[in-house]
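Asks: Okay, predicted coordinates and the sequence, questions at the end:
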Amino acid sequence: MGNFNLAIDGGIVGLYLLATMAAGLMVRKYVGRVEDFLVAGREMNVYLGVASLAATEFGIVTCMYTAENGFRYGFAGATPGILYALAMLTVGLSGFCIKPLRQSGVMTLPELFERRFGPGVRRAAGVVIVLGGLLNMGVFLRTGGEFLLQVTGFSLRAAPGAAGPAAWMQAHTLELAMTALLLMVAVYTILGGMLSVLVTDYLQFIVMSAGMIAVTVLILLKVGWGRLVATVQAVHGSGGFNPFLHPQMGWPYVLFNALLNLAAVLTWMAVIQRVLAARDARTGQKVYTRTSFFFVARFLIPGIWGIAALATLGAGAESLQAMPRFLGAFLPVGLMGLLVAAMLAADMSTDSSYMLTWASVIYNDILAPFRRKNWSERRGLRLNRLIVAGIGLFLLAYGLWYPLQGDLWTYLGVTGTIYLSSMSVLLIACCYWRRANSRGAAAAIAVGALVPVLYLVLEQVPATSTWVRGNIGPYYSGIAAYLLAGTAMVAGSLLKPARGEVTK
């Protein structure tokens, strides 16, 4: 067991978990309607929105893939964060798409699309959003469990020849850690919905920020900024500072991430849920502008941790596990407890918000045809809670068996593109193009989902995996998904207007 002290560090973590669970459960009495459960009654202010969005968009999985980017690409690994911050700032200042979205009064994107393109597009959009969202989130639990086990030093394997309950638990440490993470998050999310998420996010944002700052300061004091820069220069050369010069990045990497991050700012449900829960459109825009710089820090700070791991462990270390291995040996008692509490805070806020997000789409959009008989609020709340529980079981099963290929950020980008490519096109067309119609929307959804799904399938087939990764790669396929989805929308809308629709 590394530097994790069960009495001191364990006490810090336990105290934090008790406080979070208490805060999350206290607000359950205020959840009396489905709107309270899904969008917190649309009463979120700017400060709560900033804290909630920042906490939601930084989980253990975020820390792992941004640190891996730092390890693999040096300071150039923060490029996606810079692009995300620019996109969020631009959209927040202009109100592009998010202003009409909030003014529409909908609870989900597909609900808005039904008003323009009909119920069929609403259901199709809901299915694609949930597919992309759940595949994206499927690796969260495993990644979180692996981080906690690596950084605390708990063994992943039983001793040879060991038997009995203790040996079984040691052999299944990862599964038990994943289950424990899921149960903690599921309890207050199922009971309190978005109100619990917002309240716990505020607490988690404070703990998360304190832990990240403390660890980063210690790294800069002990490892040193000069050594970090020298390591990047020695291992990555100029490409460690300029993504266009890095042999594994280049313009396809930058362009794909620019498209991906703009689409995420506009249509990633866990992000725009804060816009939909805001008091008004102006509040939602302020949340975006004031949170924008956080996304640079979200990539840069864990990226520094990854570079520190590169400096101490060497380039031969496994890229995804290097950062937690480094921190497990580097952090002193006490600070280790604060780090684990901070990462649990980050992970719980992310997992709870994402589970609620996909549940809202399943309930509000996919099950819309079955809710025409004016379901009672009590029945709606019960069904939403069952959906959240079902999502949790799926995430637990998927996280145990899916074999991750390539780096973590690329996997998340490809799975997110399954729906981001088409939903961003639909939202822009819905808000600003009068000639867009349901045929164009259906074509965009089909094409936007097909390209990344096909890439993920071929990547897993032994006969094609090497060729696909070497000749097409995730960046070219991602760029193609966005461009082809936009082309399908235009072509489908112009070639043949849908029956009963009049183009203007």
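Replies: Nice, I can see it. Residues are numbered from 1 along each chain as shown.
Asks: from the chain's centre, how far out does the host helix or strand of residue 489 sit?
Replies: Residue 489 is part of helix 473-495, with elements assigned from DSSP states H and E. Counting by CA atoms, centre = their mean, to the nearest Å, helix 473-495 is centred 23 Å from the centre of its parent chain.
Asks: what does stretch 210-220 give?
Replies: 23 Å.
Asks: One more: stretch 70-87?
Replies: 16 Å.
Asks: now for it, what's the gap between its first and last residues?
Replies: Using CA to CA, to the nearest Å, one end of stretch 70-87 lies 22 Å from the other.
Asks: now stretch 277-297
Replies: End-to-end distance for stretch 277-297: 25 Å, by CA to CA.
Asks: and if you look at stretch 135-143?
Replies: 14 Å.
Asks: Beyond the strand or helix carrying residue 217, next helix or strand please.
Replies: Element membership for residue 217 (DSSP H and E) is helix 173-222. Downstream of helix 173-222, the first helix or strand assigned by DSSP H and E is helix 225-236.
Asks: tell me the mean pLDDT for that following helix?
Replies: Across helix 225-236, pLDDT averages out at 94.
Asks: list the helices and strands that helix packs on?
Replies: The contact analysis (3 or more CB pairs under 8 Å, 6 or more residues apart in numbering; DSSP states H and E) places helix 225-236 against helix 294-313. Every residue, glycine included, has its C-beta placed from N, CA and C.
Asks: Mind jotting down where the helices sit in the stretch 1-150 of the chain?
Replies: Remark: helices assigned in the stretch 1-150 of the chain by DSSP state H, counting those that start in this stretch are 8-26, 34-39, 46-56, 60-73, 79-94, 98-103, 109-117, 119-137, 140-152.
Asks: any idea which of those helices is most buried?
Replies: Stretch with highest mean neighbour count among the helices of the stretch 1-150 of the chain: helix 60-73 (a mean of 27; mean count of other CB atoms under 10 Å).
Asks: quick one: low-confidence parts of the stretch 301-450 of the chain?
Replies: 345-346, 348-349, 368-381, 399-407 (pLDDT under 70).
Asks: start to end distance for stretch 326-341?
Replies: End-to-end for stretch 326-341, by CA to CA: 18 Å.
Asks: List the buried residues in it.
Replies: Going by neighbour count (16 or more other CB atoms under 10 Å), the buried part of stretch 326-341 is 326, 327, 328, 330, 331, 335, 336, 337, 338, 339, 340, 341.
Asks: want to throw those into JSON lines with secondary structure?
Replies: Compiled in JSON lines, the buried residues of stretch 326-341 are given as follows (DSSP: H, G, I helix; E, B strand; the rest coil):
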{"residue": "326", "secondary structure": "helix"}
{"residue": "327", "secondary structure": "helix"}
{"residue": "328", "secondary structure": "helix"}
{"residue": "330", "secondary structure": "helix"}
{"residue": "331", "secondary structure": "coil"}
{"residue": "335", "secondary structure": "helix"}
{"residue": "336", "secondary structure": "helix"}
{"residue": "337", "secondary structure": "helix"}
{"residue": "338", "secondary structure": "helix"}
{"residue": "339", "secondary structure": "helix"}
{"residue": "340", "secondary structure": "helix"}
{"residue": "341", "secondary structure": "helix"}
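Asks: related to what we said a few turns ago, for the helix holding residue 489, packing partners?
Replies: Here helix 473-495 touches helix 250-267, helix 408-432, helix 438-460, going by 3+ CB pairs under 8 Å, 6+ apart.
Asks: Dump those to JSON lines, plus mean neighbour count.
Replies: Output for the helices and strands packed on helix 473-495, formatted as JSON lines (neighbours: other CB atoms under 10 Å):
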{"stretch": "helix 250-267", "mean neighbour count": "22"}
{"stretch": "helix 408-432", "mean neighbour count": "25"}
{"stretch": "helix 438-460", "mean neighbour count": "22"}
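Asks: Could you dump the ones you listed into TSV with distance to residue 238 added?
Replies: Listed next are these as TSV, based on distance: least, CB to CB, whole Å:
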stretch	distance to residue 238
helix 250-267	13
helix 408-432	21
helix 438-460	30
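Asks: closest one to residue 394 among the ones you listed?
Replies: helix 408-432 (14.1 Å; CB to CB).
Asks: Show me how far the closest one is from its chain's centre.
Replies: 13 Å.
Asks: so that helix versus helix 473-495, what angle?
Replies: 20 degrees (axes from the mean of the first three to the mean of the last three CA atoms, to 10 degrees).
Asks: helices or strands up against helix 408-432?
Replies: Helix 408-432 packs on helix 60-73, helix 98-103, helix 109-117, helix 119-137, helix 250-267, helix 438-460, helix 473-495, going by 3+ CB pairs under 8 Å, 6+ apart.
Asks: among those helices, which is nearest residue 235?
Replies: Among the helices and strands packed on helix 408-432, helix 60-73 comes nearest to residue 235, with 9.3 Å by CB to CB.
Asks: Out of the helices of the stretch 1-150 of the chain, flag the one nearest residue 494.
Replies: helix 109-117 (15.1 Å).
Asks: okay, that closest one in CSV with CA atoms only?
Replies: What follows is helix 109-117, C-alpha atoms only, in CSV (Å, rounded to 0.1, in the frame of the first residue of the first chain):
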residue,chain,number,x,y,z
LEU,A,109,-32.7,18.8,-27.2
PRO,A,110,-34.9,16.2,-28.9
GLU,A,111,-38.0,18.0,-27.4
LEU,A,112,-36.9,21.1,-29.3
PHE,A,113,-36.3,19.1,-32.5
GLU,A,114,-39.9,17.7,-32.4
ARG,A,115,-41.3,21.2,-32.7
ARG,A,116,-39.5,21.7,-35.9
PHE,A,117,-39.0,18.2,-37.4
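Asks: what angle do it and helix 250-267 make?
Replies: 80 degrees.
Asks: In terms of secondary structure, what does helix 109-117 contact?
Replies: Packed next to helix 109-117, using 3+ CB pairs under 8 Å, 6+ apart, are helix 119-137, helix 408-432, helix 438-460.
Asks: Could you check the angle it makes with helix 438-460?
Replies: Using the same axes, to 10 degrees, the direction of helix 109-117 lies 140 degrees away from that of helix 438-460.
Asks: Give the buried residues for the helix holding residue 489.
Replies: In helix 473-495, counting by 16+ other CB under 10 Å, buried: 473-475, 477-486, 488-493.
Asks: Can you name the residues that contact residue 451?
Replies: 417, 421, 477, 480, 481, 484 (CB atoms under 8 Å, 6 or more residues apart in numbering).
Asks: change it to 10 Å
Replies: The contact partners of residue 451, taken as CB atoms under 10 Å, 6 or more residues apart in numbering, are 414, 417-418, 421, 477-485.
Asks: ok, of those, which one's closest to residue 347?
Replies: Of all these, residue 347 sits closest to residue 414, with 21.9 Å by CB to CB.
Asks: so the closest one makes contact with residue 257?
Replies: No: between residue 414 and residue 257 there is no contact under CB atoms under 10 Å: 11.9 Å.
Asks: what touches both of the two?
Replies: 475, 478.
Asks: so where is the stretch 1-150 of the chain shaky, pLDDT-wise?
Replies: Judged by pLDDT under 70, the stretch 1-150 of the chain has its weakly predicted residues at 1-7, 9-10, 12-13, 16-49, 51-52, 54-57.
Asks: re earlier: would you format the helices of the stretch 1-150 of the chain as TSV with distance to residue 366 included?
Replies: Formatted as TSV, those follow (distance: least, CB to CB, whole Å):
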stretch	distance to residue 366
helix 8-26	27
helix 34-39	14
helix 46-56	22
helix 60-73	25
helix 79-94	27
helix 98-103	20
helix 109-117	8
helix 119-137	4
helix 140-152	22
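Asks: quick one: which of those is nearest residue 356?
Replies: helix 34-39 (7.1 Å).
Asks: Which of the helices of the stretch 1-150 of the chain sits closest to residue 276?
Replies: By CB to CB (comparing all of the helices of the stretch 1-150 of the chain), the closest turns out to be helix 34-39, at 5.3 Å.
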